[in-house]
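**Student:** I'd like to go over a predicted model; first the sequence, then the structure.
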Amino acid sequence: MDGFPIPGRQHLPAVLLGLATAAALYVPPLSPASRLDWNLYDRLARQALQAAPDDIVVLHFSDPAWLDTLLSIAENDGARLVLTTDAQPPSPRANDLAFGPTELPLSASVLRRTQWRQGGHLWFRDEIDGVVRRDWTIGDEPTAIKSLAQAAADHLGRPAPAHMAATGRHWPRFAATDSFKRLAPQDLQTQPGKLHGKIVVAGSSATLFQTPLGPMKAPDLVAQMLAARISGAAIGGGPLAHAASWLAAIVLVALLLNLRAAAPVWRAVWTVAAASGLAATAAVAFLAANLALPIVAPAAFVLVTGGLAARRSARASEAGGHAAPSPVDARRLTAEGRLLEAASAYHAMPPSPALLPELYDLATALETHAHTEHAVAVWHRMAQIDVRYRDVAKRLARNARSETAEQPATPSLLDTEPATLGRYELLELLGHGTTGQVYLGRDPKINRLLAIKVINLRGEPAAQAADLGEHLCREVESAGRLNHPNIVTIYDVGEAQGLAYIAMEYLKGRHLSDFTDEATLLDPARVVDLMARTADALHYAHGHNVVHRDIKPANIMYDSILDELKITDFGIARLIDVSRTRTGIVLGTPSYMAPEQLEGENVNGHTDLFALGVTLYQLLTGRLPFRGASMTKLMFVIANEPHLPVTALCPGLPAGLSSIVDKALAKKPSERYGTGAEMADALRAVSAKIV
């Protein structure tokens, strides 16, 4: 068995599901595998019907009393044997020619004796689908009861093959019904000698039995069974055939699961080809060697197992390679200087403290070779395992400060730099924005890395600070219920030391504000895709009655390595609004604000979509649609003056994209998109036209 491909443990679920599917096909009462196998055999049998032996004659008569006449004619003509399916034997007299039914079915499982002394039983046991295909011996030797056809064949010196005699089942290859010689009673009376040397199968029964060739009367069915015994046209099968089918299926599955270099589509093609090969083998075995190989369940095992393996391979390909690379592979890639491939390999592995030294060396090498984004992704991976490992926290903070456009402009809000705020450990100051300072933090209860946004309430009177803290909890709690892949997850909110804080998901990547300069613009197709995802997220938030109020590139994070986008600062803008509008300070970033927001009116989802339109405009052109030398001038321009079309600044953009921006930036809320989903659909519809 050296070199025989054995599937790895990663394929065990596929193998088990394939076996479970095959086993389910055997479960009674439906037993679909058996039914389908029988149906296949019947179709094959009808494609190559045997010719009936010349010495068998089938004769139907309507009057049971005519049997005596038939026996007399047969004896005079020199017939070899007369088989009849009639329960009433002829008049008592010595006649070795006549064989009849010694037992007849009284019910499905009870037989009754007849007055026949010579012959066999006339009980046709059907298969699970109600079709009669085999001739059965009832009981075991020495008291076994032979069938009428078997008794006649033994009398004629043609016993069943040894393997069928052992099982008591004879499975005939059926002969073409029109190949049997048929006579009528009047033919025998007018043309003497027709039965010379013949075997006559006769009867008056009108009962029909379902067979692979259709309904048959008892004499015709007995003639079929006898013809197969005389000609030796029997079909083999049994446990050995089952074992052969399953062995072939197992070998094929083992080969399919070890097609390591095959693309997913070729895995699927080879899976179908393997199952088809099993079916073709079964057909050849049946037609050429009279061997029945049960194939439905083994073929199902091949299809299900191979299909799942192909699907798993496709997912692994989409992820950029093997589903579960080993640390040895990753170390080899690092040693060969293939740092980006090594980073992908480590990312595909489950996080483990044992990998930290290797990840640290890899991240350092990535930084040295100016692969900064990939290095940050590795630092982030390490922080998820153990944020206290060496100087991982400092490196994350350093990269965050170097990437963000919002550099810390003031000292930390934490006067004495305490190690904790609430229950959270504060590791490094990441940056300072318009809504507060952001720290890299850790939740010691569950060892989770997170970002802690700290908002200063110390400048407010005690009563108003308490009111703001309560308002913060209410607003952020509402935003914290949002669960969307493009919205940052909020874990907790609280107040301590005169500071409000929000514990949220720590994000890696860059603010979209890094891509608003003409020299750093993203590809227009990428911008449209990102804005469509943002619009979908806003649609979700608006459906939960949460309005952002401060959509802008600096509040949207994008990780280009994993192609992940997140909207940040949900619920925070409203807090700052409550705090600052008491002193007449306008909330938010005026360049992105809708006319109704500047006028202090109630805001809703249309307000966020206006800000998203401004963001889209800026990411496409590198310029803001509305500008003014002063706040008053800017507010006037936003409320009254039109913007320059994006196609005027970027002639290569499709006109449809300009129409989307125009609708998003409409002065009246009613003229904008009704929902974020509507805007997302419009963006995706025009994306195909971007060249």
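**Tutor:** Done, it's in.
**Student:** any idea which helix or strand of this structure has the worst average confidence?
**Tutor:** Least confident helix or strand, the chain: helix 572-580 with a mean of 47, by mean pLDDT, DSSP states H and E.
**Student:** now do the helix or strand following that one: which elements does it pack against?
**Tutor:** As assigned by DSSP states H and E, the chain's next helix or strand after helix 572-580 is helix 595-598. In terms of contacts (3 or more C-beta pairs under 8 Å, 6 or more residues apart in numbering; DSSP states H and E), helix 595-598 is packed against helix 605-621, helix 631-640. C-betas here are computed from N, CA, C, even on glycine.
**Student:** let's see 7 Å
**Tutor:** helix 631-640 (3 or more C-beta pairs under 7 Å, 6 or more residues apart in numbering; DSSP states H and E).
**Student:** may I have stretch 623-642 as PDB, with CA atoms only?
**Tutor:** Extracted in PDB, the C-alpha atoms of stretch 623-642 (Å, rounded to 0.1, in the frame of the first residue of the first chain):
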ATOM      1  CA  ARG A 623     -11.600  68.500  -3.900                       C
ATOM      2  CA  LEU A 624     -14.600  69.500  -1.700                       C
ATOM      3  CA  PRO A 625     -17.800  70.400  -3.600                       C
ATOM      4  CA  PHE A 626     -18.400  73.500  -1.400                       C
ATOM      5  CA  ARG A 627     -15.800  75.900  -0.200                       C
ATOM      6  CA  GLY A 628     -15.800  79.300   1.400                       C
ATOM      7  CA  ALA A 629     -13.300  81.700   2.900                       C
ATOM      8  CA  SER A 630     -15.200  81.900   6.200                       C
ATOM      9  CA  MET A 631     -17.800  79.800   8.000                       C
ATOM     10  CA  THR A 632     -20.600  82.200   7.000                       C
ATOM     11  CA  LYS A 633     -19.500  82.100   3.300                       C
ATOM     12  CA  LEU A 634     -19.300  78.300   3.500                       C
ATOM     13  CA  MET A 635     -22.700  77.900   5.000                       C
ATOM     14  CA  PHE A 636     -24.100  80.200   2.300                       C
ATOM     15  CA  VAL A 637     -22.500  78.200  -0.500                       C
ATOM     16  CA  ILE A 638     -23.800  74.900   0.800                       C
ATOM     17  CA  ALA A 639     -27.300  76.200   1.200                       C
ATOM     18  CA  ASN A 640     -27.600  78.100  -2.100                       C
ATOM     19  CA  GLU A 641     -24.900  77.600  -4.700                       C
ATOM     20  CA  PRO A 642     -24.500  74.600  -7.000                       C
END
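**Student:** how is this protein carved up into domains?
**Tutor:** 9-45+238-318, 51-231, 325-386, 390-506, 511-687 (automatic domain parsing).
**Student:** any idea how far apart the tips of the last one sit?
**Tutor:** Right, the one you point to is domain 511-687. End-to-end distance for domain 511-687: 22 Å, by C-alpha to C-alpha, to the nearest Å.
**Student:** with the longest one instead?
**Tutor:** Terminal residues of domain 51-231 are spaced 9 Å apart (C-alpha to C-alpha).
**Student:** next, give phi and psi for Ser659.
**Tutor:** phi -60, psi -40 (degrees, to the nearest 10).
**Student:** so what's the residue count around it?
**Tutor:** Look at Ser659: counted by other C-beta atoms under 10 Å, it has 15 neighbours.
**Student:** give me the local confidence score for it.
**Tutor:** Note on Ser659: pLDDT of 95.
**Student:** do Glu477 as well
**Tutor:** For Glu477, the model assigns a pLDDT of 67.
**Student:** look up how far Lys198 lies from Ile56.
**Tutor:** 7 Å (C-beta to C-beta, to the nearest Å).
**Student:** and for Thr177?
**Tutor:** For Thr177 relative to Lys198 (C-beta to C-beta), the value is 18 Å.
**Student:** same for the lengthiest helix in the chain, what does it pack against?
**Tutor:** In the chain, with assignment by DSSP state H, the single longest helix is helix 264-289. Judged by 3+ C-beta pairs under 7 Å, 6+ apart, helix 264-289 is in contact with helix 32-47, helix 239-257, helix 296-318.
**Student:** what mean pLDDT does it have?
**Tutor:** Averaging pLDDT residue by residue across helix 264-289 gives 86.
**Student:** what's the answer for stretch 396-407, then?
**Tutor:** 58.
**Student:** circling back: so the longest helix of the chain versus helix 296-318, what angle?
**Tutor:** Using axes from the mean of the first three to the mean of the last three C-alpha atoms, to 10 degrees, the inter-axis angle of helix 264-289 relative to helix 296-318 is 160 degrees.
**Student:** buried residues, helix 264-289. List them.
**Tutor:** Pro264, Arg267, Ala268, Trp270, Thr271, Ala274, Ala275, Leu278, Ala282, Ala283, Ala285, Phe286 (16 or more other C-beta atoms under 10 Å).
**Student:** that's all I had, so thanks and see you.
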